[in-house]
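1. Sequence and computational prediction follow.
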Amino acid sequence: QVRLTESGGGLVQPGGSLTLSCAASGSFSGFLNMAWYRQVPGKQRELVAQFPQDGIPNYADAVKGRFSGSRDSSQHTVQLQMNNLKPEDTAVYFCNAERYYRETPTTLEDVYWGQGTQVTVSS
């Protein structure tokens, strides 16, 4: 079982910055692709950034050029650096992990979610 623990949300003024962190713990077989999603009330959860185990990060168009991230695959941690934040970035941000076996890298075995962390961009 994998547990995801997030930190780093908060209140920031427009144009400000925040860094979100997520750590995966627990024992598991295979590998994890990790990602950040966000959700506002009444809307579907949307993908913000992906951090594959063996690939390059990928960002949603809405955050390209403003958000960047890094992953420490050996520690199963990801960070999301959010710069030039806008009011429309206000949401609950969720860390996500998808587990695969290396022998079947396209077969999704499990999906895990963190508890979410609130990001509010407001003056």
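-> Arrived safely, thanks for sending. Numbering: from 1, shown residues only.
2. Tell me the secondary structure at the most centrally placed residue in the chain.
-> Within the chain, the residue whose C-alpha comes closest to the C-alpha centroid is W36; the distance, by Cα atoms, centre = their mean, is 1.9 Å. On the three-state scheme (DSSP: H, G, I helix; E, B strand; the rest coil), W36 is labelled strand.
3. Run a quick neighbour tally on the spatially closest residue to it that is not a sequence neighbour.
-> Ranked by Cβ to Cβ, 6 or more residues apart in numbering and with sequence neighbours excluded, the top spatial neighbour of W36 is V48, at 4.4 Å. (Each C-beta comes from the backbone N, C-alpha and C, glycine too.) Here the count is done by other Cβ atoms under 10 Å, and V48 has 23 residues near it.
4. Please renumber the chain so that the first residue is 34 from this point on.
-> All set: I'll call the first residue 34, so the last point we hit is now V81.
5. Surely V81 is in contact with Y126?
-> Yes: with contact defined as Cβ atoms under 8 Å, V81 reaches Y126; the gap is 7.1 Å.
6. list residues touching both of these two?
-> Any residue near both V81 and Y126 by Cβ atoms under 8 Å, 6 or more residues apart in numbering counts here, and that gives 69-71, 113.
7. mind checking how far A68 is from Y145?
-> 11 Å (Cβ to Cβ, to the nearest Å).
8. buried sites along stretch 40-55?
-> By 16 or more other Cβ atoms under 10 Å, the buried positions in stretch 40-55 come out as 41-42, 45, 51, 53, 55.
9. Other residues contacting that stretch?
-> Stretch 40-55 has contacts (Cβ under 8 Å, 6+ apart) with 37-39, 67, 69, 110-120, 126, 128, 147, 150-156.
10. May I see the buried residues of stretch 130-144?
-> Burial within stretch 130-144, assessed by neighbour count using 16+ other Cβ under 10 Å, is assigned to 130-133.
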